[in-house]
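A.B. asks: give me a model of this one.
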Amino acid sequence: MDRRTFNRALLGLLAAPAIVRAQAKPQPSPHRGLYLYEGPDRQSRLLAAARREGVLLMYTSFNTQDSGPLVAAFEKTYGVRTEVWRSNSEKVVQRAVAEARAGRFVCDVFETNGPEMEALYREQLLEEFRSPHFADLPPAAFPKHRHYVADRFNFFTIAYNTRLVKPNEVPATYEDLLHPRFAGRIGLETGDIDWFGAMVKHRGETNGLAYFRKLAASRPQMRNGHTLMGQLVASGEIPLAANIYNHSAARVAVQGAPIKWKALAPTFGRPNAVGVARRAAHPSAALLFADFVLSRQGQEIVKGRNRVPASRAVQSPLNQFPFEMIDPAITLDEEDKWEKLWSDLFLRGQRVTRGVE
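C.D. replies: Predicted structure coming up:
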């Protein structure tokens, strides 16, 4: 099932009449007291209970190369064996929803993209929790309902080849991308519909669409995947990318490639988040893992993988600028609208292909 088909199926569930939704209100989580406990003995009680449970099952879209060190450090620190089921974010939700509807609640903790975490919340599979590490997180890490929290960010920035874009030519605003010097020389990632929707909404729909019509008229090069885009900018095939993850550019830059990234206002981020399952089989282990991911130790590991840690306690050039989070409703509720507008502007009406990191 591709993302578009998945989202439509999910929206069919979420669009049920209000009376049906009311009848489907969940019973209070049996773990709510544990998840919200903030007493002075919290850590010792949590660790003892997690070790009695002995195991943790996580569903995640975090790739194994980067999540593996995090899981290994958690197991070494706390002695709790961790089993990981990994797939793309859409399949994480698909599996969790299917299991819940079959009365199976085996997953303890989720870690995946913000829109999919929002879908899990709407499906009533998450529970609010507390952590002593919340104090280190920016307000943007928390949705209003607080049933999950960002542990890492993907920020949309520009990136440019330092040999092909002179210092005095580096854009300072998004309007600078419209300069004639960049005609035919800008790259756009084909699948960033949520970034497009957020940018248009920020400017107001009339002004926002007018801007993107001008950008489309400059003949940008469309490419699929942020990692690929970073490689193309570094090689000089594309001099400047307009919507790349900043960590995708940073990963190539640390290898000595002639590429730099820059955050332009407004800088939008897509969160990746952690959340504990409402009916977790191993709730203490779930909460202990969420704590660990958000702790300085866990966030340093995230940073060490050239990811963007959410915690302000970790010094990182990747998150030291003003930013806003993309509203997950753009993906969950408005995708058809923004996808059609994007496709008409940049893809000659063709179907949008989702990129990979």
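
A.B. asks: from here on, just use CA atoms for contacts and neighbour counts.
C.D. replies: Fine.

A.B. asks: is it true that E38 touches L46?
C.D. replies: No: applying CA atoms under 8 Å, one finds E38 not in contact with L46, separated by 10.7 Å.

A.B. asks: please list the outside residues in contact with stretch 152-160.
C.D. replies: 170, 195, 230, 233-234, 239-247, 249, 259-264, 267-273, 302, 307-310 (CA atoms under 8 Å, 6 or more residues apart in numbering).

A.B. asks: what subset of these is buried?
C.D. replies: For the contacts of stretch 152-160, a neighbour count by 16 or more other CA atoms under 10 Å gives the buried set as 170, 195, 230, 233-234, 239-247, 249, 259-264, 267-273, 302, 307-310.

A.B. asks: give the next helix or strand downstream of the lowest-mean-pLDDT helix or strand in the chain.
C.D. replies: Within the chain, judged by mean pLDDT, DSSP states H and E, the helix or strand with the poorest mean is helix 18-23; its value is a mean of 38. Following the chain from helix 18-23 toward its C-terminal end, the next helix or strand by DSSP states H and E is helix 32-36.

A.B. asks: just the endpoints, please. Distance across stretch 232-251?
C.D. replies: With CA to CA, to the nearest Å as the measure, the first residue of stretch 232-251 is 13 Å from its last.

A.B. asks: for it, give the mean pLDDT please.
C.D. replies: Looking at stretch 232-251 alone, the average pLDDT works out to 96.

A.B. asks: buried stuff in stretch 333-341?
C.D. replies: Burial within stretch 333-341, assessed by neighbour count using 16+ other CA under 10 Å, is assigned to E335, D336, W338, E339, K340, L341.

A.B. asks: can you check stretch 51-62 too?
C.D. replies: Judged by neighbour count (16+ other CA under 10 Å), stretch 51-62 contains these buried residues: R51, E53, V55, L56, L57, M58, Y59, T60, S61, F62.

A.B. asks: just the buried ones among the contacts of stretch 152-160: which are in strands?
C.D. replies: The strands, defined by DSSP state E, take in 240-245, 259-262, 268-273, 308-309 from the buried ones among the contacts of stretch 152-160.

A.B. asks: that's a strand at G275, yeah?
C.D. replies: Yes: under DSSP: H, G, I helix; E, B strand; the rest coil, G275 sits within a strand.

A.B. asks: I am finished for the moment; much appreciated.
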